[in-house]
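# sequence plus the predicted model coming up.
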Amino acid sequence: MSLGPDERGTARSKRQLVAENSFAVELRTPRAAAVAGIAFAVILTVVVVLLHLALPVGGDQSQWITQQARRQKVAWALELIPYAGIAFLWFIGVIRSQLGHREDKFFATAFLGSGLLFVAMLFASAANVGALLSLYGGRSGVPADEVRLVGAVGTALLATFGIRMAAVFTMVVTNLGRRSGIIPRWLLVVGYGAAAMLLFAPPRTLWAVLLFPVWVFLLSVQILVASLRGEPSSEPRQP
């Protein structure tokens with residue numbers, strides 16, 4: 001017995017809905033969190049390394065903009081930062097979905113707030129330096145004092161305020177992992193240690209920024225290994 005046009009359309013709609021729901025659930029699996037976390041960790045590490053190579057250690061902090069090679073490294077870093085932010089937001093969303101009913105409202109607020117503030121400060125720092133590069137690319141140069149000011153503001157946003165939010169994020173996720181039992185003991189020690197160092201690191205310390213992606217990378221690898229082994233985890237929330 002053949003189906004009528006309306007019935008065939010309904011069947012196609014149901015198959016399409018099932019496929020879309022399966023894809024949406026797949027995006028919230030532990031493996032998706034691991035992929036997003038690893039992507040964020042790698043991209044942010046590359047960004048910090050590029051900035052370290054571009055900015056002079058000691059001496060006049062305004063001279064980097066006059067050198068083409070250093071400007072190019074900074075430009076590459078700025079182009080990568082939006083992708084780091086996107087991967088981190090995806091990582092946050094999947095982690096929240098995996099916690100499910102285990103999520104505590106107090107820690108959930110600190111978790112989401114600190115993560116969003118970190119991304120906001122990362123983007124603000126990048127926009128600050130990006131605007132400077134745009135001005136330098138015009139007909140007129142940029143005074144050295146303005147270059148130093150922009151550099152100081154950008155460094156403060158990321159390496160002073162940003163890492164404090166990263167410390168809160170690391171501490172909250174580690175505590176949630178301890179309460180839910182989804183993080184092993186060795187990673188709990190690493191998480192609390194990284195959070196303490198990020199929280200009390202000297203201001204404008206660029207190397208301290210690397211602690212955060214290293215911790216995210218370790219956590220993501222642990223989540224990926226656990227998912228491949230088929231270890232139990234909380235079910236993702238249904239849309």
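Right, received. Where do you want to start?
# for this structure, just list every one of the helices.
For the chain, the helices defined by DSSP state H cover 5-26, 30-54, 68-99, 105-136, 144-156, 163-180, 185-200, 206-209, 211-229.
# quick one: closest of those helices to residue 62.
helix 144-156 (3.9 Å; C-beta to C-beta). Glycine gets a C-beta too; all of them are placed from N, C-alpha and C.
# so which elements touch the closest one?
helix 105-136 (3 or more C-beta pairs under 8 Å, 6 or more residues apart in numbering; DSSP states H and E).
# pLDDT below threshold where in this structure?
Across the chain, the ranges flagged by pLDDT under 70 are 1-28, 57-61, 98-103, 137-141, 230-239.
# again, 50 this time
By pLDDT under 50, the weakly predicted segments of the chain are 1, 3, 11, 14-27, 232-239.
# distance to residue 62 and mean neighbour count for the helices of the chain - can I get that in TSV?
Formatted as TSV, these follow (distance: least, C-beta to C-beta, whole Å; neighbours: other C-beta atoms under 10 Å):
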stretch	distance to residue 62	mean neighbour count
helix 5-26	49	10
helix 30-54	13	21
helix 68-99	11	19
helix 105-136	10	17
helix 144-156	4	17
helix 163-180	24	22
helix 185-200	28	16
helix 206-209	17	18
helix 211-229	28	20
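# got the contact list for residue 39?
By C-beta atoms under 8 Å, 6 or more residues apart in numbering, residue 39 lies in contact with 83-84, 87.
# looking at these, which is nearest residue 44?
For the contacts of residue 39, the nearest to residue 44 is residue 84 (4.7 Å; C-beta to C-beta).
# I'd assumed residue 40 was in contact with the closest one.
Yes - counting by C-beta atoms under 8 Å, residue 84 touches residue 40, with 5.5 Å between them.
# related to what we said a few turns ago, residue 154: which of the contacts of residue 39 is nearest?
Distance to residue 154 across these (C-beta to C-beta) is lowest for residue 84, with 15.2 Å.
# please tell me how far that closest one sits from residue 77.
Residue 84 sits at a distance of 10 Å from residue 77 (criterion: C-beta to C-beta, to the nearest Å).
# same thing with residue 166?
According to C-beta to C-beta, residue 166 and residue 77 sit 18 Å apart.
# residue closest to the middle of the protein?
residue 88 (3.0 Å; C-alpha atoms, centre = their mean).
# mind listing what that residue touches?
36, 40, 115, 118-119, 216.
# just give me the closest of these to residue 126.
Nearest to residue 126, judged by C-beta to C-beta, of the contacts of residue 88 is residue 119 at 10.6 Å.
# quick one: contacts for the closest residue to that closest one other than its chain neighbours?
The shortest distance from residue 119 to any non-neighbouring residue, by C-beta to C-beta, 6 or more residues apart in numbering, is to residue 85 (4.7 Å). Contact partners of residue 85, counting by C-beta under 8 Å, 6+ apart, are 119, 122-123.
# swap in residue 209?
Contacts of residue 209 by C-beta under 8 Å, 6+ apart are 44, 48, 158-159, 162-163, 166.
# if we use 10 Å, what do you get?
Counting by C-beta atoms under 10 Å, 6 or more residues apart in numbering, residue 209 makes contact with 44-45, 47-48, 51-52, 122, 155, 158-159, 162-163, 166, 198, 201.
# please apply the same query to residue 45.
Residue 45 makes contact with 84, 209-210, 212-214, 216-217, according to C-beta under 10 Å, 6+ apart.
# would TSV of those with distance to residue 173 be doable?
Formatted as TSV, those follow (distance: C-beta to C-beta, whole Å):
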residue	distance to residue 173
84	17
209	17
210	18
212	11
213	14
214	14
216	9
217	13
